[in-house]
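Peer 1: quick one, what's the 3D model for this:
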Amino acid sequence: TFSEDYIPAGQLEHFNFKKQDSADYEALFEQLKSDSKILSAAGSHQKVIISWETDLVQPIPATLYEPESIAAYFGYHKDSITKDTADFEHLSDQGADYQFVYSVPKALYRLVQNNFPGSVHQHKQAAIVRKLGAFTDIYPLKALLVFYQDHFILTTFAGKRLQLIISRPFNHGADVVYHLLSAIKEAGFNPDQCCVYLSGLIDGDSALFKEIYKFLPVIDVDKMEHTRFLSDHPDYPSHFFVPFFKYVR
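Peer 2: Residues are numbered from 1 along each chain as shown. I've put the predicted structure just below:
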């Protein structure tokens, strides 16, 4: 939860659901409402931000974006080949010089709209890109790695210009290093020309961190403003909370 000016208010709940072949969104949502103190106390006067992180997302240069063709962009994504466009709600979110076109299951979208009619929708990738101007180190290339439990989002950018943004699963630090070195090479830089920012669910003493540091010598931490509420969570470093607060506005 946030205050009106988007300062974290100190409440954070994190739930995971197992993947199912045919998701019963209604049942999942009812279970979530019964387990969540935040949702059970939420009123219609509160603003709800839905931050999607779907694989069906395509950044389109703003100069080439055509709102009337939003559904057509769905067909260009490699994961859409076996899916019916009518089963998805097609949305867009602007980030820097790109319009991020993304698709979400229509049944889930309708469920969200029915429960939160005034909700605001965004995509996590667009939210990350909107923050790129805040990184002001001297390195010509920057890489941002945001870690979740079983996947990460990798963003590379030179100046304020986006070079690459992808979401990938991983089982080992070598998976992360492979994508990171490949992105740096694709951008035309060497590893020592890139500052790598880490945030999310990664520990400085972990094998994951050590594997990255073995190949990338310049590492920093992705920081978050307004961390006063973190005094309620002394066992966790502040960068754990970055994905859940910084990339929401």
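Peer 1: and the residue nearest to Tyr236 when sequence neighbours are not counted, how many neighbours?
Peer 2: Distances taken as Cβ to Cβ, 6 or more residues apart in numbering put Leu230 closest to Tyr236, at 7.6 Å, once the chain neighbours are dropped. From N, CA and C alone the C-beta is placed, and that goes for glycine too. By other Cβ atoms under 10 Å, 18 other residues sit near Leu230.
Peer 1: now do the contacts for the residue lying closest to Ala96 once chain neighbours are set aside.
Peer 2: Distances taken as Cβ to Cβ, 6+ apart put Val129 closest to Ala96, at 4.9 Å, once the chain neighbours are dropped. The contact partners of Val129, by Cβ atoms under 8 Å, 6 or more residues apart in numbering, come to Pro59, Gly95, Ala96, Tyr98, Phe100, Thr155, Leu162, Ile165.
Peer 1: helices along this structure, start to end?
Peer 2: 25-35, 37-41, 70-73, 106-115, 124-129, 173-186, 207-215, 242-245 (DSSP state H).
Peer 1: nearest to Asp87, of those helices?
Peer 2: helix 106-115 (5.7 Å; Cβ to Cβ).
Peer 1: now the closest one against helix 25-35, angle please.
Peer 2: 40 degrees (axes from the mean of the first three to the mean of the last three Cα atoms, to 10 degrees).
Peer 1: going forward, begin numbering at 102 instead of 1
Peer 2: Yes, from this point I'll number from 102; that puts the last item at helix 207-216.
Peer 1: and helix 207-216, what's buried?
Peer 2: Leu209, Tyr210, Val213 (16 or more other Cβ atoms under 10 Å).
Peer 1: look up how far Tyr348 lies from Ala235.
Peer 2: Look at Ala235 and Tyr348: by Cβ to Cβ, to the nearest Å, they are 11 Å apart.
Peer 1: more crowded one of these two?
Peer 2: The neighbour count for Ala235 versus Tyr348, taken as other Cβ under 10 Å, is higher for Tyr348 (25 against 11).
Peer 1: excluding chain neighbours, what is closest to the residue at minimal distance from the centre of the chain?
Peer 2: Centroid-nearest residue in the chain, with Cα atoms, centre = their mean: Lys225, separated by 3.5 Å. Distances taken as Cβ to Cβ, 6+ apart put Glu154 closest to Lys225, at 4.2 Å, once the chain neighbours are dropped.
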